[in-house]
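Chemist: Predicted model, plus sequence, below.
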Amino acid sequence: MNRNVFFIFALLMLCCSNVGHAQSYRRLSVDSIIQQYYNPERGFFQKAGFDKDNPRFMMENEDGSFKFGVGGFVNVLSQLDYGGIENIDFVTSQIQIPTHRDPRFLISPYQTRFNFKVVGQDAKKRNVVAFIEAGYNGTNISLRHAYVSYAGFTIGQTWSAFMDLEADLSLIDGEGPNNQIGLRVPMIRYSYHSDRWDFSIAGEIGNYLFEFAEQRYGFFPQNQIIPNIPMHIKYRDKWGHVQLGAVFKVMNYGDSATNETVYILGGGGSLSGTFNVWKGGLLCYQFIAGKGIGNYINDLSAFNYDLIPVPDEHGHMTMTTLEMYGGYVGLQHFWTPTLSSNVVYGMTYLKPPTLPPLPREFTYGNLYNSAHYLAANLLWNFIPYGRIGVEYLFGKKTNLQGKSGVNHRINVGVRYNF
């Protein structure tokens, strides 16, 4: 366990001890202020997808101006993989070509999480929020969220302002659809909320890396100078919600031939939302397109495809961004109040660069071209705060040479929220 995680545990135990011995604190019911849906600016507990209704332990002082809560869940995942993806998450970009047929079975407490939150108030009754969450990522315990929120501003690490958490489905697979925007980053964000409208804009620290840029091409990475600028506007109604998002990036790298810093613009947009198609049925969707935004997309974040070197018309190498787009559509249906199913299909496409004839030693043949993701599950809340489910996953990846690989997986997950 590293020093940061040890500090989190120690602070958590200290807070719990202090609250437990203070006579001026009382325990609250689970329908309190920090039980509501995820919204870091409003001061509620972290929530997303399957974690919308888990209970929390929470206390507050006599006048209600200070609240302290502890929450999380224990998750046990069993999976049988048939196709060669070594990651616990079902990342379709990691499907091997040619496909390896060796089955793999594992049991892991993957995605087990704990968090705690402190909510205070100023003289105008505005919430001052501090939130920390850590979880098991398959190899060790890591920090997921750590932020402070006040008067519409959020400073720290949490979900990107480019995301739409409300368009997330309940999947056992922790990765989710291959084109889903899934990114936690350090940021400074401002948000405005009303009953039907949400607006957020942020300055975020986001990685951008490039591939095939060996030293022989004369390019070298540099530290980020200008933060990414993501934003979104969301409208809610009885039928569901719709969100429009955008992100702007300025990427820089060094050119050893000129000994100068080169800047390249990137960015993209997204459309996402939910629609109540029938009683107990919810349609979720997201579509995204852009250039140089691979770090925001689940499937492409494992690669360095924001910038790649290509030859110009004179044969000189230069860096460029790649177009990438895709989306997912999913349906959630409740058969009974405790039994539900989710089906989702996602597709990601990376457009190859337009190139003149290349030297023999220079090839993009193994470059990721497209991938498909399919998930279907059955989830049963066998007790009020416990869930068990079974899930089938299918993925297919194709490279620029037209060669493909496929992967099948079965997940069985048990979770208990606290």
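Modeler: That came in fine, so what should we check first? It should be emphasised that the depicted structure is a prediction, and the values quoted were computed from it without experimental measurement. Numbers count the residues shown, from 1 in each chain.
Chemist: Which parts of the chain are helices?
Modeler: Counting by DSSP state H, residue ranges of the helices within the chain are 3-21.
Chemist: tell me the centre residue of it?
Modeler: Taking C-alpha atoms, centre = their mean as the criterion, residue 182 is the residue nearest the geometric centre of the chain, at 2.3 Å.
Chemist: check contacts around that one.
Modeler: 163, 175, 176, 298, 301 (C-beta atoms under 8 Å, 6 or more residues apart in numbering). (Glycine included, C-beta is placed from N, CA and C.)
Chemist: just residue 146 next, same as before
Modeler: Applying C-beta under 8 Å, 6+ apart, we find residue 146 in contact with 131, 132, 133, 156, 157, 158.
Chemist: between those, which is closest to residue 88?
Modeler: Distance ranking of the contacts of residue 146 against residue 88, using C-beta to C-beta, places residue 133 first at 18.7 Å.
Chemist: that older thread, how about the contacts of residue 182, which pair is most distant?
Modeler: Checking these against each other with C-beta to C-beta, the farthest-apart pair comes out as 163 and 175, at 14.4 Å.
Chemist: what about those two, which has more around it?
Modeler: residue 163 (25 against 21; other C-beta atoms under 10 Å).
Chemist: so that one touches residue 184, yeah?
Modeler: No - at 9.3 Å, residue 163 does not count as touching residue 184 under the criterion of C-beta atoms under 8 Å.
Chemist: Can you list phi and psi of residue 123 for me?
Modeler: According to degrees, to the nearest 10, the main-chain angles of residue 123 amount to phi -60, psi -20.
Chemist: Point out the least confident one among the contacts of residue 182.
Modeler: Among the contacts of residue 182, residue 301 carries the lowest pLDDT, at 83.
Chemist: residue ranges with poor pLDDT in this structure?
Modeler: Residues of the chain that meet the criterion pLDDT under 70 lie in 1-56, 64, 207-216, 312-315, 354-366.
Chemist: strands paired with the longest strand seen in it, and their directions?
Modeler: When the chain is scanned for its longest strand (criterion: DSSP state E), the result is strand 260-278. Applying DSSP bridges, strand 260-278 is found paired with strand 240-255 (antiparallel), strand 281-291 (antiparallel).
Chemist: Using PDB, write out the CA atom coordinates for the shortest one.
Modeler: The C-alpha coordinates for strand 281-291 follow below in PDB (Å, rounded to 0.1, in the frame of the first residue of the first chain):
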ATOM      1  CA  GLY A 281     -37.600   1.000 -20.100                       C
ATOM      2  CA  LEU A 282     -34.800   3.500 -20.500                       C
ATOM      3  CA  LEU A 283     -32.800   4.200 -23.700                       C
ATOM      4  CA  CYS A 284     -29.300   5.600 -23.300                       C
ATOM      5  CA  TYR A 285     -27.100   6.900 -26.100                       C
ATOM      6  CA  GLN A 286     -23.900   8.800 -26.800                       C
ATOM      7  CA  PHE A 287     -22.200   9.800 -30.100                       C
ATOM      8  CA  ILE A 288     -18.800  11.500 -30.300                       C
ATOM      9  CA  ALA A 289     -16.600  12.800 -33.100                       C
ATOM     10  CA  GLY A 290     -13.400  14.800 -33.200                       C
ATOM     11  CA  LYS A 291      -9.700  15.000 -33.900                       C
END
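Chemist: Strands along the stretch 251-400 of the chain, start to end?
Modeler: According to DSSP state E, counting those that start in this stretch, the stretch 251-400 of the chain carries its strands in the segments 260-278, 281-291, 308-311, 317-320, 323-336, 339-350, 368-383, 386-399.
Chemist: between these, which gets nearest to residue 96?
Modeler: The minimum distance between residue 96 and these falls on strand 386-399, with 8.5 Å, by C-beta to C-beta.
Chemist: Who are the packing partners of the closest one?
Modeler: In terms of contact count using 3 or more C-beta pairs under 8 Å, 6 or more residues apart in numbering; DSSP states H and E, strand 386-399 is assigned the packing partners strand 368-383, strand 404-417.
Chemist: among those, which is nearest residue 258?
Modeler: The closest approach between residue 258 and any of those, judged by C-beta to C-beta, belongs to strand 368-383 at 30.3 Å.
Chemist: Report all helices and strands that the closest one contacts.
Modeler: Judged by 3+ C-beta pairs under 8 Å, 6+ apart, the packing partners of strand 368-383 are strand 339-350, strand 386-399.
Chemist: quick one: strands adjacent to the last one?
Modeler: Right, strand 386-399. Its sheet considered, strand 386-399 pairs with strand 368-383 (antiparallel), strand 404-417 (antiparallel) by DSSP bridges.
Chemist: Buried residues, the first one. List them.
Modeler: Residues 368, 369, 370, 371, 372, 373, 374, 375, 376, 377, 379, 381 are the ones in strand 368-383 that count as buried (16 or more other C-beta atoms under 10 Å).
Chemist: List the contacts of the residue lying closest to the fifth one once chain neighbours are set aside.
Modeler: For residue 372, the nearest residue in space outside its immediate sequence neighbours is residue 396; the separation is 4.7 Å by C-beta to C-beta, 6 or more residues apart in numbering. Residues touching residue 396, when contacts are defined by C-beta under 8 Å, 6+ apart, comprise 92, 95, 371, 372, 404, 405, 406, 407.
Chemist: now swap in residue 234 and tell me
Modeler: With contacts defined as C-beta under 8 Å, 6+ apart, residue 234 is in contact with 164, 166, 197, 198, 199, 241, 242, 243, 244.
Chemist: and residue 245, how far is that from residue 189?
Modeler: Distance check for residue 245 against residue 189: by C-beta to C-beta, to the nearest Å, it reads 13 Å.
Chemist: if we can go back for a sec, want to throw the helices and strands packed on strand 386-399 into JSON lines with distance to residue 86?
Modeler: As requested, the helices and strands packed on strand 386-399 are arranged in JSON lines below (distance: least, C-beta to C-beta, whole Å):
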{"stretch": "strand 368-383", "distance to residue 86": "16"}
{"stretch": "strand 404-417", "distance to residue 86": "11"}
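Chemist: what's the closest of the ones you listed to residue 144?
Modeler: Put simply, out of those the one that sits nearest residue 144 is strand 404-417, at 16.1 Å, with distance taken as C-beta to C-beta.
Chemist: Tell me how far the closest one lies from the chain's centre.
Modeler: Averaging C-alpha positions (C-alpha atoms, centre = their mean, to the nearest Å) puts strand 404-417 18 Å from its chain's average.
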